[in-house]
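>>> Give me a model of this one.
(one chain, ligands or ions: 2)
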Amino acid sequence: MSFKVPKGTQDILPGQTEKWQKVERVIRDLCNVYRYNEIRTPMFESTELFQRGVGDTTDIVQKEMYTFEDKGGRSLTLRPEGTASSVRAYVEHKMFGSADQPVKLYYTGPMFRYERQQAGRYRQFVQFGVEAIGSKDPAIDAEVMALAMDVYKTLGLTELKLVINSLGDKETRDAHRAALVEHFAPVKDELCADCQSRLAKNPLRVLDCKVDAKHPAMATAPALTNYLTADSATYFADVKKYLDILGIPYEVDPNLVRGLDYYNHTAFEIMITGDGFGTITTLCGGGRYNGLVEDIGGPESPGIGFAMSIERLLLALEAKGIELETENNLDMYVVAMNEEAKAKAVELVANFRKAGITAEMDYLNRKMKAQMKAADRQAAKFVIVLGESELEQQAVNVKTMATGDQQQVAFADLASFVQANK
Ligand code: ATP
Ligand code: MG
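Ligands and ions are numbered 1, 2, ... in the order given. Have a look, this model is predicted:
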C-alpha cells in the first residue's frame, strides 16, 4: 500500500521550508515596524461563525467549507479565512475596551477550503493577514494596503499592481442593488444557476462570478461607483489621497467587488503583472468591513484588513525568477580520521554549537574523502580534519573552503576563530 498527501495539500520539504521561513521573517519584521501584533486563534470554529462572518451567499460558505460534527454533536468548520476568527476573538476578549485603538492584529496559519485544485489554489493553504479594528480613518486603509505591498516589495517582487474600488455604504449598495437587478433581469435565463439565485439574494455577487465573467451583460453592468453617496465618495477620495502621500500607485477598477459579503467602502486586490503562474493573477485581497463586529455580537467597531497566501507569493517569486536569500548555512564541518579523532570531533562539534556556530560531522563512519564530499555538498564555510597529529598538537588547520586558505588554530581557540572569520 502507498499513501499520498490528500488532494489539494502539499508537503513542504527541507529546501523549500527555508523559503517559507524567510517569508515569515519578513512578515513578522514588517508587522512589527507597522505595529501590528500577532493573534493566534483555533484552526476550527463553530460553523455559524463563518456563516455569519463570511456570509451565507459567498462561495466559501456555500461550497468550500470543511464542516463536520464532533462527537459532542457540535457543528464545527475548519477555518476558511482569518477575519471571522479575529473578530470573534476581538469581541470575546473585549479588545474594544483596550486603551490602544485601533487594535492592530496579524495572523499567519493554515486555512481550509474545498476547492478545485490548480496552480495557486489549494485545499489547505497558509494565509498571512492583518486586521485593524476600531478606526474608520481612511489613512488606516492606506496603511493596510501599504503593508501588504511592502511584503512583496521587501521580497523583491515589483511587477505588481494595486487595484482599488469603493463599495460605498449601505445606501450606496441598496441603490446599486436595485440597478443590478433591473440590468440583469432581461438576461437572467442566460446566467448560471448560482447567479440566478445570487440575483435574488445578493446581486453584487453576480459581478464576481467566474462562470459568467464573459457574459456581455457583465461589461455593461451598472458600476457601483456611480451610486456612491457623498460621504462614500469623500471617503474614497481620502483613501486615494493617502495612497498618493505614501507614493503607492493604484488603479481604480469599478468592477472589483471581492468575494466576501461583509465588505464596504474600500476593497482592494494586489495583482501580479506580466507573466504570472497559471490563470491566477490575484495575490492578495482585502477591504473594509464596518458592521462585521456588530454582526458578531460586539459594539460598533469599524475594521479593515487583507489576506494573502504564502503559496501564491512563492509561486509569484518563482514565476519572476526571484531567488530568496535563505538562511541555512553550515559554518563548520569536522572530519575525523579514526575512532579517537571521532571522540574529539563529537566534543568540538558540541563546543561550536554552544557558541552558536552551525556545525556538522559524519555519523556513518565514512572514509575521509566521503566526509570531505559531504562538507562540500553542504557548502561548509570551514572544514577541519582531525587525525593523530592534530590530537597530539591540540591544534588543527582550519580550511576556508571558498579560498582554500589554511590556518593553524589551537583547539581551545577554534570557536572564537570561526566567530571572528565566518
Ligand atoms: P479567488 O478569487 O482566487 O478564489 P478569494 O476571493 O477566494 O480568491 P480571499 O478569500 O480574499 O480570496 O483570500 C485572500 C487571498 O488568499 C487570495 O488573494 C489568495 O492569495 C489566497 N487564497 C485564497 N484561496 C486560496 C487557495 N485555495 N489556495 C491558495 N491561496 C488562496
Ligand atoms: Mg476563492
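>>> Residues of the stretch 251-400 of the chain that sit close to ligand 1?
Within the stretch 251-400 of the chain, the positions lying close to ligand 1 (CB under 6 Å from any ligand atom) are 259, 280, 282-285, 307-309, 311-312. Yep, even glycine has a C-beta here, placed from its N, CA and C like the rest.
>>> cutoff 8 Å now
By CB under 8 Å from any ligand atom, the residues of the stretch 251-400 of the chain that approach ligand 1 are 258-260, 269-270, 280, 282-286, 306-309, 311-313.
>>> List the ones among these that fall in strands.
269-270, 282-286, 306-309 (DSSP state E).
>>> okay, those residues in JSON lines with pLDDT next?
Listed next are these as JSON lines, based on pLDDT from 0 to 100:
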{"residue": "E269", "pLDDT": "97"}
{"residue": "I270", "pLDDT": "97"}
{"residue": "T282", "pLDDT": "95"}
{"residue": "L283", "pLDDT": "97"}
{"residue": "C284", "pLDDT": "98"}
{"residue": "G285", "pLDDT": "96"}
{"residue": "G286", "pLDDT": "96"}
{"residue": "F306", "pLDDT": "98"}
{"residue": "A307", "pLDDT": "98"}
{"residue": "M308", "pLDDT": "98"}
{"residue": "S309", "pLDDT": "98"}
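>>> can those go into TSV with extra columns for neighbour count?
Converted to TSV, these look like this (neighbours: other CB atoms under 10 Å):
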residue	neighbour count
E269	22
I270	24
T282	17
L283	22
C284	24
G285	22
G286	28
F306	23
A307	20
M308	25
S309	20
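>>> so who does I304 touch?
131-132, 140-141, 144, 266, 286-289 (CB atoms under 8 Å, 6 or more residues apart in numbering).
>>> same thing with D169?
Contacts of D169 (CB under 8 Å, 6+ apart): 229, 231-232, 264-265, 290.
>>> what two of the residues you listed are the furthest from one another?
T229 and N290 (13.6 Å; CB to CB).
>>> which one of the two has more residues nearby?
N290 (18 against 15; other CB atoms under 10 Å).
>>> Grab the nearest non-local neighbour of the more buried one.
The shortest distance from N290 to any non-neighbouring residue, by CB to CB, 6 or more residues apart in numbering, is to P302 (4.0 Å).
>>> could you pull out the helices for the stretch 51-200 of the chain?
59, 83-92, 138-154, 170-184, 193-201 (DSSP state H, counting those that start in this stretch).
>>> and the angle from the fourth one to helix 193-201?
Which is helix 170-184. 130 degrees (axes from the mean of the first three to the mean of the last three CA atoms, to 10 degrees).
>>> what's the answer for the second one, then?
Using the same axes, to 10 degrees, the direction of helix 83-92 lies 30 degrees away from that of helix 193-201.
>>> residue boundaries of the helices in the stretch 251-400 of the chain?
Going by DSSP H, counting those that start in this stretch, the stretch 251-400 of the chain shows helices at 292-295, 310-319, 339-354, 368-377, 388-393.
>>> Give me the neighbour count for the residue lying closest to F411 once chain neighbours are set aside.
Leaving aside its sequence neighbours, F411 sits nearest to Q394 (CB to CB, 6+ apart; 5.0 Å). By other CB under 10 Å, 10 other residues sit near Q394.
>>> residues touching Q394, list them.
410-412.
>>> what's across from the residue nearest in space to the middle of the chain in the sheet?
Taking CA atoms, centre = their mean as the criterion, F128 is the residue nearest the geometric centre of the chain, at 3.2 Å. Beta-bridge partners of F128, counted by DSSP bridges, are T108, M308.
>>> L314 versus the closest residue to G129 other than its chain neighbours, what's the distance?
Spatial nearest neighbour of G129, excluding adjacent residues (CB to CB, 6+ apart): A307 at 3.6 Å. From A307 across to L314, the span is 16 Å (CB to CB, to the nearest Å).
>>> Also L13?
For L13 relative to L314 (CB to CB), the value is 13 Å.
>>> Neighbour count for the two, which is higher?
Between L13 and L314, counted using other CB under 10 Å, the more crowded position is L314 (22 against 7).
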